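*Asks:* no sequence on this one, just coordinates:
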């Protein structure tokens, strides 16, 4: 029996049950004893309903059938995120899950588009993106097999009810042998020699002993912070939005295969269409707007009748100084929080789980493995931070105090270097770790009117007329592929993913 065979996960929700599902899938029932502690009295945040494409591969690794999962979680497909009023009032663009066009002789497509722009062409770069055009027209189908075809070279994610996802994974995990314990932790005991967490005592007096503890207790950080006092890097200097109010409403119109983020005077508002309702929220900075004003702004823009009372949330953007400290690994909100502008919360949970499984201790905890885990997760958080901050600083808006604050901000060196490389010649340095690949940075830069001074000089070996004809051929292929794509609602039914629950009834925040 391996020494680290007893694993305790503190907290349920998406973070806890994703962790339980992944670890229980890794070990056979006789190899590990996995216990998850959660309390119905505490509840979960439960408003993170939009995801990134990586969640598909997490589900696939568990052997989860996509259509069954979607029906169980009231999910819709997601091709990207629409941003409204970010560059300037009246602007809108979609950050797609895929590149624009296709590379031409191993050169990035956007460089050819930049060449045409400098020659006076005015077509949107979005016109060369299959996922953008499909999203704008409410269409969806899964990618084809030939990656050289326009209708195959893209990714997709989901928009789902996170509370139903946690419930779905709970059933999966318990079938794999995970033991769920109801209760609240009242005491944490540390080993006198090592300082490691040894035992958790619950309010009914029962005790849970384990070798490795995974803290999924949310913002409270019961083990990683309240017990081990790990510390927190506060990133409010760069991401000052510190509150949110969320509320579901009845849906109106067709199912949109994208999430919407609309910039407001002191923050931004999300819209996430699910099969049975629409999720809405207003993320804002309390320095620039009151809670009552923020709630009123949100309620005044709902597309249908509210299905619940407003849910008020308070947070501080940042990350733990260490994600893995002694024998405690923090996953989810206990590890840190970056506002949900690009749907990264569930992805960062997934990154934490994946790294832990790769570095999982066998006979003892290795300092090298702990350092590698903390390094890797630190880079993931930092690079998400920079990408989120890009949306706020790549702006021409100065119509409110918040936007003037961002325009005067001194940026992290890591983001400033990225901006400088782009503005000089349209180059995006690639990362070893980091969820957002160069096409995502291109989408936001161009979508918010940051145009490079020059394009890649290698483009000059192509005749302008040749570039025009090549891009026009790609545009026509893209348009044809979109027109042959079904509406999302029709595809959900055909795919067996449509819920049988009447709209506006099931689910809650």
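*Replies:* Received, thanks. These numbers come from a predicted model, not from an experiment. Numbers count the residues shown, from 1 in each chain.

*Asks:* where in the chain is pLDDT low?
*Replies:* Along the chain, the parts satisfying pLDDT under 70 run over 1-3, 43-48, 501-509.

*Asks:* determine the longest helix present in it.
*Replies:* helix 367-393 (DSSP state H).

*Asks:* which residues sit against the next helix or strand after it?
*Replies:* Where DSSP states H and E defines the elements, the next helix or strand beyond helix 367-393 is helix 401-407. Residues outside helix 401-407 that contact it (Cβ atoms under 8 Å, 6 or more residues apart in numbering): 240, 265, 266, 267, 285, 288, 392, 393, 395, 397, 398. In short, each C-beta sits where N, CA and C put it, glycine included.

*Asks:* ok, now with 6 Å
*Replies:* For helix 401-407, the external contacting residues (Cβ atoms under 6 Å, 6 or more residues apart in numbering) are 266, 288, 392, 393, 397, 398.

*Asks:* so which residue is dead centre in the protein?
*Replies:* Using Cα atoms, centre = their mean, the residue of the chain that lies closest to the mean C-alpha position is residue 344, 2.1 Å off.

*Asks:* phi, psi of residue 257?
*Replies:* When read as degrees, to the nearest 10, the backbone of residue 257 gives phi -80, psi 50.

*Asks:* same question for residue 261.
*Replies:* Dihedral angles of residue 261 (phi, psi; degrees, to the nearest 10) stand at phi -130, psi 110.

*Asks:* how about the strands of the stretch 251-400 of the chain, start to end?
*Replies:* For the stretch 251-400 of the chain, the strands defined by DSSP state E, counting those that start in this stretch cover 259-263, 267-273, 278-284, 311-314, 318-320, 324-325, 328-330, 336-337.

*Asks:* of all these, which lies closest to residue 207?
*Replies:* strand 328-330 (17.0 Å; Cβ to Cβ).

*Asks:* which elements pack onto the closest one?
*Replies:* Helices and strands touching strand 328-330, by 3 or more Cβ pairs under 6 Å, 6 or more residues apart in numbering; DSSP states H and E, are strand 212-215.

*Asks:* any idea how far the strand it packs on is from the chain center?
*Replies:* Computed by Cα atoms, centre = their mean, to the nearest Å, the separation of strand 212-215 from the middle of its chain amounts to 23 Å.

*Asks:* neighbouring strands - and their directions - for that strand?
*Replies:* Partners of strand 212-215 in the sheet, by DSSP bridges, are strand 6-10 (parallel), strand 328-330 (parallel).

*Asks:* please work out which residues outside the first one touch it.
*Replies:* Translated: strand 6-10. Against strand 6-10 from outside (Cβ under 6 Å, 6+ apart): 16, 19-20, 32-37, 208, 210-217.

*Asks:* just stretch 349-363 next, same as before
*Replies:* 2-4, 15, 18-19, 22, 26, 54, 58, 329, 331-332, 369, 373, 376, 380.

*Asks:* just the buried ones from these?
*Replies:* Among those, the ones that count as buried by 16 or more other Cβ atoms under 10 Å are 4, 15, 18-19, 22, 26, 54, 58, 329, 331-332, 369, 373, 376, 380.

*Asks:* still on that earlier bit, most neighbours among the contacts of helix 401-407, which one is it?
*Replies:* For these, the largest neighbour count, defined by other Cβ atoms under 10 Å, is 25 neighbours, found at residue 266.

*Asks:* would you check that it makes contact with residue 291?
*Replies:* No: if you go by Cβ atoms under 6 Å, residue 266 and residue 291 don't touch, sitting 11.3 Å apart.

*Asks:* one step back: deepest of the strands paired with strand 212-215, which one?
*Replies:* strand 328-330 (a mean of 29; mean count of other Cβ atoms under 10 Å).

*Asks:* now the helices for the stretch 401-509 of the chain?
*Replies:* Taking DSSP state H, counting those that start in this stretch, the helices of the stretch 401-509 of the chain run over residues 401-407, 413-425, 438-447, 464-483, 488-495.
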